[in-house]
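kindly generate the corresponding structure for this input.
(one chain, ligands or ions: 1)
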Amino acid sequence: MKSPARLAQILFPAIVAAALGLGPVATAAETSTGSGAAIILTPPPSAKPRINGAQVFGVRPGTPFLFTIAATGDRPMTFAADHLPAGLQLDSDTGRITGVLNKEGDYVVTLHAKNRLGEASRPFKIVCGPHIGLTPAMGWNSWNCFASAVTAEDIKKAADAMVSSGLINHGWTYINIDDFWEVNPHRANDPTLQGPQRDADRNIVPNPRFPDMKALVDYVHGKGLKIGLYSSPGPWTCGGCVASFDHELLDARQYARWGFDYLKYDWCSYRPELETHRKISEAFVSTLTNWINSFPENRRDDMRPYAIMRAALNRVPRDILFSLCQYGMGNVWEWGAQVGGNSWRTTGDIRDTWKSMSANGFSQISNQPFAGPGHFNDPDMLVVGYVGWGPNLHPTHLTPDEQYTHISLWCLLASPLLIGCDMTRLDPLTLSLLSNDEVLAVDQDPLGQQAKRLVKNGDLEVWTKDMEDGSKAVGLFNRGDSPAAVEVKWSDLGWSGRHRVRDLWRQKDLGTFQNDFGAMVPRHGVELVRVW
Ligand code: GAL
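Here you go, the predicted structure:
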């Protein structure tokens, strides 16, 4: 049973919290983002140290290691690590771990973050072997904000803002350039997109908006962040820029020379018939024949271009996360891991509408069993904050409740989290949505499980995700147009007796509950809890 005060508190948290004198339970703030008054539920981070972000990290032997310990709390802060394996060093001021591991194995390290108010410690497992991306990638991508207008300056500013906003302290890591860093002969009237497509050695050359790719990469790395880029297996990207067909190995080598850490590889102009036109890479691709022939015949054409780029990435001495993008064709979740994808898009492009976001997120049902550490379903990037696909940006059209649904659902789904907004205009609600460490911990849980839809009752849905510590993250969703009570029964979880429930957005224990837990959930909203 829920008390009327509890129901009202869930419905109108800020107003009731103020009326009941509940203090830090929730604070209300007006922002210009979304429609109506935005309610900020995430409490500000403590001034005491707290270590956030991934607890498990994969690295291939012999490749450059970079991991920045994410920690909130007052600065100055000093970092330490016990049992760091030989080959790695920690910078005690920045919390950056760098170096190279040469021997495969699991290394369990204890991280420490200390300031004048105290010290936090947390175990961190480094897994040196063939697999990387063991938890979903967290970062930013240029597309939903700048689209075809992106420049190197925009990328630098996004990296600056990732640090100055404090998001880096919550585990946000990647700064990804999407389409339009390459030359584009199809837009001949835009001089900033013209130039040589490749150099004398057939290496890809960026367009004039990216005059020094190496310097840009070094700049981003210099902030303790990682950097990604974009290409397509066909001759042209989706925007008509130069892409990788017949140049896969050359491109992978160039990405590695520049120092990139992430590749989004977007189908677009690829067609299986292109394979008969391979020349430059014929010898390389012929070494893959046996592998490709082992794929199911009805999927071979879908898998081939991704297998070729994966094989190319495997040959370079750098860990490059591989993000497949082909909108879910051919049930990509069934074979994305087999071609070495660290994630694969399962849907078409997201927009900042309830229809688009909810359709992308709530459709992730049959692909659930295929997600796991190192390979995740990707229902596309986040549409909170100022978005607009360049150059005119607008505050997301999602209401605050829809934004809570969006982030809660993506975390339950163990989806890659790629912020799509203008990082230089992070308003308080957006920042609070992206910096709740207990919510982000659902996404980053080392077990790597994707939530299952446990209950569907009309517009009301309950999604549950198994967590490594045996607890469950539970999302009570209301997709309908008026507030409704949503509940989860312990028996549906295979549990009986009393269980402890914590509200993750408010970071507040709600008590122990017998048989079930329920809440009034606003229109298009969510109550996200963790149950032990
Ligand atoms: C689309 C892709 C978008 C973006 C765009 C670039 O196919 O889904 O996320 O990358 O291409 O042209």
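
now residue 236: closest residue in space that isn't a chain neighbour?
Once flanking residues are discounted, residue 236 sits nearest to residue 269: 4.3 Å by C-beta to C-beta, 6 or more residues apart in numbering. (C-beta placed from N, C-alpha, C; glycine too.)

quick one: secondary structure of the one you found?
With DSSP: H, G, I helix; E, B strand; the rest coil as the basis, residue 269 sits in coil.

residues in contact with it?
Neighbour list for residue 269: 232, 234-238, 243, 245 [criterion: C-beta atoms under 8 Å, 6 or more residues apart in numbering].

in which helix or strand does residue 127 reside?
Using DSSP states H and E, residue 127 falls within strand 118-128.

burial count for the residue in the stretch 201-350 of the chain that the ligand sits nearest to?
The nearest approach of the stretch 201-350 of the chain to the ligand comes at residue 238, 3.3 Å away (C-beta to the nearest ligand atom). Counted with other C-beta atoms under 10 Å, the neighbours of residue 238 add up to 19.

leaving out the residues flanking it, which one is nearest to it?
That would be residue 268: by C-beta to C-beta, 6+ apart, it lies 4.1 Å from residue 238.

check contacts around that neighbour.
Neighbour list for residue 268: 232, 234, 236-238, 243 [criterion: C-beta under 8 Å, 6+ apart].

which of the contacts of residue 269 sit farthest apart?
Using C-beta to C-beta, the contacts of residue 269 span at most 13.6 Å, a distance reached by 238 and 245.

joint contacts of the two?
By C-beta under 8 Å, 6+ apart, the residues touching both residue 238 and residue 245 are 232, 269.

show me what the helix ranked longest in the chain is packed up against.
For the chain, the helix with the greatest residue count under DSSP state H is helix 300-314. Applying 3 or more C-beta pairs under 8 Å, 6 or more residues apart in numbering; DSSP states H and E, one finds that helix 300-314 contacts helix 248-258, strand 262-266, helix 282-286, helix 289-293, strand 321-325.

how many residues are close by the closest residue to residue 284 other than its chain neighbours?
Of all residues not flanking residue 284 in the chain, residue 249 sits nearest, at 5.1 Å (C-beta to C-beta, 6+ apart). Residue 249 has 21 neighbours, counted by other C-beta under 10 Å.

ok, residue 249 - contacts?
By C-beta under 8 Å, 6+ apart, residue 249 lies in contact with 281, 284, 312, 315.

just the helices from the stretch 1-150 of the chain, written as ranges.
In order along the chain, the stretch 1-150 of the chain carries the following helices (DSSP state H, counting those that start in this stretch): 4-11, 13-20, 143-146.

against the ligand, how distant is residue 509?
Residue 509 sits 39 Å away from the ligand, going by C-beta to the nearest ligand atom, to the nearest Å.

next one: residue 369
24 Å.

does that residue belong to a helix, a strand or coil?
At residue 369, secondary structure determined by three-state DSSP is helix.

burial of residue 119, as a residue count?
Using other C-beta under 10 Å, residue 119 is surrounded by 14 other residues.

ok, what's across the strand from it?
Under DSSP bridges, the beta-bridge partners of residue 119 are residue 114.

rebuild the contacts of residue 269 as TSV, extending it with secondary structure.
Putting the contacts of residue 269 into TSV (three-state DSSP) gives the following:
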residue	secondary structure
232	coil
234	coil
235	coil
236	strand
237	coil
238	coil
243	coil
245	coil
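
closest to residue 145 out of those residues?
Closest to residue 145, out of all of the contacts of residue 269 and judged by C-beta to C-beta, is residue 238, at 16.5 Å.

hmm, the closest one is touching residue 179, no?
Yes. Counting by C-beta atoms under 8 Å, residue 238 touches residue 179, with 6.0 Å between them.

what sits in contact with each of those two?
Jointly contacting residue 238 and residue 179 under the rule C-beta under 8 Å, 6+ apart are residue 266.

pLDDT wise, what is the residue of the stretch 201-350 of the chain closest to the ligand at?
As predicted, residue 238 sits at a pLDDT of 98.

so who does it touch?
Each residue near residue 238 by C-beta under 8 Å, 6+ apart is listed here: 179, 232, 266, 268-269.

go again with 7 Å.
Residues in contact with residue 238 (C-beta atoms under 7 Å, 6 or more residues apart in numbering) are 179, 232, 266, 268.

my guess is the second one meets residue 266, correct?
Yes. With contact defined as C-beta atoms under 7 Å, residue 232 and residue 266 form a contacting pair (4.9 Å).

higher neighbour count, the two?
residue 232 (27 against 24).

nearest residue to that one other than its sequence neighbours?
Sequence neighbours aside, residue 243 is the residue nearest to residue 232 in space, at 3.8 Å (criterion: C-beta to C-beta, 6+ apart).

any idea how many residues pack against the one you found?
Residues near residue 243, counting by other C-beta under 10 Å: 27.

do residue 470 as well
Neighbours of residue 470 under the rule other C-beta under 10 Å: 8.

relative to residue 502, how far out is the residue nearest to it when sequence neighbours are not counted?
Closest residue to residue 470 in three dimensions, ignoring its sequence neighbours and counting by C-beta to C-beta, 6+ apart: residue 532, at 7.5 Å. Relative to residue 502, residue 532 is positioned 8 Å away (C-beta to C-beta, to the nearest Å).

looking at the two, which is more packed in?
residue 502 (18 against 12).
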